[in-house]
Each structure stands twice: as C-alpha cells, then as structure tokens.
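1. sharing a model prediction with you, sequence too.
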Amino acid sequence: MVDGRYRTGRTAADDGPDGPPSAVAADRPPDSPLADPAAVHFDDEERPARALSGRIGVAVAVVAFAAALLVLWQVFRPLAQGSQFYLIIFLAGTLPLVFLVYRSGFPLRKTNKTAQPAPGPEAPARRDLPSPLDWVLAAGTLLVCLYPVNPFAGGYNEFLNRQGLLETPDVIAGAVMLVLVVEACRRTTGLALPIVCLAFLAYGYYGGLLPQNWSIAHSGLDFAQIVDALYNSGSGFYGTPLDVAATYIVLFTIYGAVLDLSGASRFFVDLSVAAFRKSRSAAGRTAVAAGFLLGTVSGSGTATAVSVGAVTWPMLRRAGYPAEQAGGMLAAAGVGAILSPPTLGAAAFIVAEYLDVSYLTVLGWAMIPTVLYYLGILLAVEIDVRRFQVRPIDAPATSAWRLLGRFGYHFSSLVLIVLLLAVGQSATRAVVYATLLAAVLSFLDRRAWLNPRRLFAALSAGVRGVLPVVAVCAAAGIITATTTKTGLGAQLASLLIDGARAVSDNPTVVLALTVVLAAIALAVLGLAVPVTASFIIGWVIIGPALLGLGVSAPAAAMFVFYYSVLSEVTPPTALAAVGASAITGGRTVPTMWQALKYALPAFLAPIAFVLTDPGEYLLARGPVTGVVWATLVAAFAVVGLAVATGGWMPGIGAAGPASRVLGGLAGLLLLYLAPLTIAAGAVALALAAGIAIIHRTGRTTL
C-alpha cells in the first residue's frame, strides 16, 4: 500500500525518468510470469480513495509532503510546546485531507446520464473531484483543529488552563470537531466504527439514567464534560492512539513508500519465485514466501494479499489450484504481514506504547508466533499439493543467488532497523535512518533512482497512506476517553469474569472460560471495526479481565493483538479474503473459509499465551530451555491441526476421519502446555499417524 487506493497497472507518474521503478526488471526474462504484472494496492483499514490529479492532486500532495517534513522534524527536534501541541498541528495537517481524498458516499451531484466523458486519460479523474461540501468540511476541520492554538482565544497555554472549565466557544469548537472526526472515520472505514463511537458517547451522556444498582451505571456526564475529555485532555482525540499514528505509524508508511519506489517490493516477489522454481510446490511456496517478504514492508494484510495475488495467481492457476483454494492461501499469507517483524501492524505500536516497552521488545514477542503461523501455512501448502495433484510449472531461469547478489541490498534497511533498535535507538529514529538508507541504495539501480520528484512522491504518498489510520485513531479517542471517565472497562471486565464464575469456581476453568469468551468477543468485534480500533477497544475492555485473573500484561496484550488481527480472515467480512477473491475470481465466502483453514493455528496459539504459565515461553519470555521445548511442542500442535484441516498426514499420506479427529485433538492438547496434556497430545498424534499408516497399507494391498 502506497497511496491508499486501488491501482491496476502503472502510470507515468509512478515511473522514474528512466522507466518503471522495478529493481529486478533487468534480470526478468521476457517470458517470465512476472513480466509487467499489475500492481494492486489496498489498505486493510480503508475504503478506496480518489485518484486525484491536476492542481487538486498537486495541492493535496504538497500538504501531505509538508506533514511528512513536520513528522521528520519532530523526530530530531521535537516542538518545544510538547507532544499534544505537535498532535494538534499534525491532525490539522492530515484530517482535512480525508475529506478531499475520500468520497462521502452520498450522491451529492446530479449527473447527466446521456453526457459522454471528454476524451483523454484524465476524464475519469475530472469526474471524481471533491464536491463543494467536501471543501467546506475540509476547511471547517482545519479551523477546529487549530482552534486550541488560536492566538485570538489566548493561545495554546491558555486553552490548556481552561481544562475542566471550557467556555462556550470551546465547547462549540469541540462539538464540531467531534462530528468531523466521526464523519472522517465513516468515510475511511464505513459505518461500523462510527456507530460504536456514538454508542460510547450515548453511554457517557445517558449512563446516569441507568438503574444505579447496575454495575455499568455511573453518575452521568454532561455535554461540556464529554467535550472537555475529548478536546482538552490526553485521553481523547489527542490520546495514545493518535500519538502512535503521528509518531510511529506514519514513519513506517513513509518507509514503505520509499522501499516500494526503490524496487524492493518487486525484488521480494521475484526472489520468492526464483527460490522455489524447481519444486513441485513452487507456486504455493512462492505465494507464501512473497507474502512474508512483502509483508515486512507493508504491514498491511489486505494490501499484501492482493499485491502478491496479482503476481502469483497466474502461476497458481497453471499449477492447478482451484480459485478459492488459492485465494485462501493468498489471504492467509497476506494477513501474516501484520504479524511479521520488523514492521508489524499499526496495533503493535500501540502495544508498545500501552505497556511502556520498546518496539524491539514487541518484535521479540512476535517472533515465535510468526514462525508457527507460517509453519501452519506451509504445511497446508504441502498437503494441498498432494490433495489437488498440483502440477509443476515452468518458472523463470533467473537464479535466486543472482538476484541476491544484484539486488540483495534491499534487505539492508530492514536489518538496519533491527540493529538500531538492538543498540538502543528509538523506533522513530531507526525507521528514519532505514528510510534514508533505502533512498540512497535506490541509486544502485538506474531505473529506481529516488530523484527529488520521486522522493517528494514517496513522502506525500506515505502521509496519504496513513490518513485512514489517523481517522481511526482520532475516533478511538472517543472510546478511550469515555471508558476512562466512566470506568466502563473495569466494569465490563468484572462482568466477563463473573459470567465465567457462574459456571465454575475452579480458577483454571474460570480462566479458560474467560479466555474463550474474550476470543469470541474479539472475533465478533473484528468483524465490524478495523484492526487498530479492534485492539484499542479490546484492550480497554478485555485486557483488565485477563489481568485480573493473573495473566501477565505482555501475554494479555499479545492475545488481544492477535485476535484483533485475525479478523482479517474471519467470515463473514474477512477483508483479506475479499481482496484475494477479487484477484482469483473465486467465490468470496468459500475463499473466506479456505483462508480460515490456513490461519487456524494462529487462532489457537494465542490461547496458549494466557492459559498456562509456560505459554509465555511462546513469546520468548523465560529461560532458553523453556522457550525451546514450548516452541517444539507448539510446532507439533500445528502439525496436528494441519492434519485435521487438510486431511493428510505429512510423510505418510491421506488421513481418514479418525486420523483427522485425533490430529485436531492432539493440536488442542499440545497447545495447553502442561505435562499431562502434552503427553496425551503426543499419544493422540501418534495414534493419528498409526491409523494413517494402516489406511495407506490397506489401500496398497488392495
């Protein structure tokens, strides 16, 4: 994802002065399946944006570029007035752009159905310009965003001094800001999250009318108190979610844009093709490997799924994969992008901020779960090769070693991020230095030079890419502020625990039931709202419940994080599967179920984090020996789950119903990292293998 909209094919504006910015185009044979593939980009947190051109497009790009410069300046020379002042300026530079870049969804213009568009490639763009209302909303957003620093109202310091005692103009400005933030969120993500925000607002305002013997009742907030909490405090619009978006996420989107224009994305896909060209399962392995490598750049599940799918679907089709099966594989591999270091999804930065740990620490927690996730996908790929009699394909003759020798420098910036984090540099400085390195290394390929014009495009595209996240994070401030002011989080957490205790008083059973209920709640929540908002809501409501039962903060946070991410492959929404099915032409719902099959280990592994103390070993927290044995046991659990979902025992052959049931049971038992369940799981897995061997021997004899 670079500019936050669908793009099929390339335009002259995307290319450098010497041609397309593909780093490996020179090494790609003319008959390669990757020759001039369609470039498709879609952000998993947004609706498709306008493809603005002409003077309006230039104006938006200039404002976005100025916002990028502000972000970079803040890294090395923070504004003296403090972080909230910076967030006010940042929001004033980005939120108005939402109303120009994203459509309202309402038919505000009357169109002449008989009129023919003017000839020329710019005709579609001219019909999709911002409406007068869009301009009014953008201007109004700019005014209310800058109101707190308005010198005519006393300036920024005087505005802060009025906290808790807002004057009428302050309340009016804050109310307008509230409406505009909700509308910006609606434009970028749809109706679900705005409805959730309005529900929290209604609870804050009318909660005092609830029967006071209800645990969720409170004394009630008047409108001025709500506006004060949102507009003039650190827990509202300018709270942690927006802080993370304005300091971390935007820098990583800029970094991704620079890498994309330097040819890294194309190199990662080409390398995946070259690495597996002689394997029978080359097509499937290529899709998975490309998803992982491209995901380290994008950090976006749907973007990775459709980008990789546009390139690898022709290979998968020639190999004999059904459209739905291929789409499910692409969706699962793409969602792994949000789980893959060093650029996890946006919610990972919020994990680091909430727990007050370094981003490198969160990367460390994500390493083993990422390995287990891709192990499950690769096992499913190998099983499908045998189940569907996948055919080998003619792959390009380009050597992977040749590509690495010529373009392996694209890995340098990724390695630099980890090294700088390891020596104590902040995540913000690490990604800025990595971006500079990627820009410099682009000059090693004549067709990918980041000259001033293309560098301008990369910086502005990086800010455009973060616009939906800005809208989501500002709207999430409504939820966090309301929860903080009313104490709703602790009350709902208590209700969740009480519901589990109504079934049993056994602490282990209470924890297990709470975890299952939390997983279901997060999965349902993820159906309606984007990943970032899902994590924020889940953390303020479900986090306290897990912490109250003795689960450590890292385990609870990563549990909520993974279940928020997995909404991308959860029917009936599953945005990554929707994007992949659009590429393969397969049926959408069957594609979702196939994606769910591939991602099943990721649904169950997070439960292991919180059910037992050794579960934290899967987050690389604990002694080395503990981490090693827990990882090995979890890997066998993934094998059992792969047998259950794929109907094939690796190294043996087809698995009948009995073997599949035993494999699934083994997976569940092994993920509960206690000695008795591990032993039972090992026995179940051995029985599944034995029955598969007997089944194969019987068929051979016949």
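-> That came through fine. Numbers count the residues shown, from 1 in each chain.

2. quick one: Tyr672 and Asp613 touch, right?
-> No. Using Cβ atoms under 8 Å, Tyr672 and Asp613 do not qualify as a contacting pair, with a distance of 11.7 Å. (C-beta placed from N, C-alpha, C; glycine too.)

3. so for these two, which sits in the more crowded spot?
-> Using other Cβ atoms under 10 Å, the more surrounded residue of Tyr672 and Asp613 is Tyr672, with 20 against 15.

4. mean confidence for the host helix or strand of Leu193?
-> Secondary-structure assignment from DSSP states H and E places Leu193 in helix 192-206. Average pLDDT, helix 192-206: 87.

5. residues of it that come out buried?
-> When neighbours are counted by 16 or more other Cβ atoms under 10 Å, the buried residues of helix 192-206 are found to be Ala192, Leu193, Pro194, Val196, Cys197, Phe200, Leu201, Tyr203, Gly204, Tyr205.

6. distance to Ala92 added to the residues you listed, as a markdown table?
-> As requested, the buried residues of helix 192-206 are arranged in a markdown table below (distance: Cβ to Cβ, whole Å):
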| residue | distance to Ala92 |
| --- | --- |
| Ala192 | 27 |
| Leu193 | 22 |
| Pro194 | 21 |
| Val196 | 25 |
| Cys197 | 21 |
| Phe200 | 24 |
| Leu201 | 23 |
| Tyr203 | 29 |
| Gly204 | 26 |
| Tyr205 | 27 |
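
7. closest to Ala422 among these?
-> Nearest to Ala422, judged by Cβ to Cβ, of the buried residues of helix 192-206 is Leu193 at 36.2 Å.

8. surely Leu525 touches Ile537?
-> Yes. Contact between Leu525 and Ile537 holds when scored by Cβ under 8 Å: they sit 6.1 Å apart.

9. which of the two has more residues huddled nearby?
-> More neighbours surround Ile537 than the other of Leu525 and Ile537, with 26 against 21 (other Cβ under 10 Å).

10. in what helix or strand does the more buried one lie?
-> Assigned by DSSP H and E, Ile537 falls within helix 531-548.

11. is it true that Ala439 touches Ala264?
-> No. Counting by Cβ under 8 Å, Ala439 stays clear of Ala264, with 11.4 Å between them.

12. these two: who's more crowded?
-> The residue with more neighbours, out of Ala439 and Ala264, is Ala264; 30 against 20, by other Cβ under 10 Å.

13. so how far is Phe411 from the more buried one?
-> Using Cβ to Cβ, to the nearest Å, Ala264 is found at 9 Å from Phe411.

14. what bits of the stretch 301-450 of the chain have low per-residue confidence?
-> Within the stretch 301-450 of the chain, the segments meeting pLDDT under 70 span 301-303, 343, 345, 388, 392-397.

15. now the strands for it?
-> Across the stretch 301-450 of the chain, reading from the start of the chain, there are no strands by DSSP state E, counting those that start in this stretch.

16. then the chain?
-> 648-649, 653-654 (DSSP state E).

17. quick check: which of those is buried the most?
-> Per-residue neighbour counts averaged over each of the strands of the chain give the maximum for strand 648-649, namely a mean of 26 (mean count of other Cβ atoms under 10 Å).

18. any idea how many residues pack against Ser262?
-> Neighbours of Ser262 (other Cβ under 10 Å): 29.

19. my guess is it contacts Ala448. True?
-> Yes. Between Ser262 and Ala448 a contact is recorded at 5.0 Å, counting by Cβ under 8 Å.

20. ok so, going back, tell me what the helix holding Leu193 is packed against?
-> Using 3 or more Cβ pairs under 8 Å, 6 or more residues apart in numbering; DSSP states H and E as the contact criterion, the secondary-structure elements in contact with helix 192-206 are helix 168-189, helix 223-231, helix 452-486, helix 507-528, helix 531-548.
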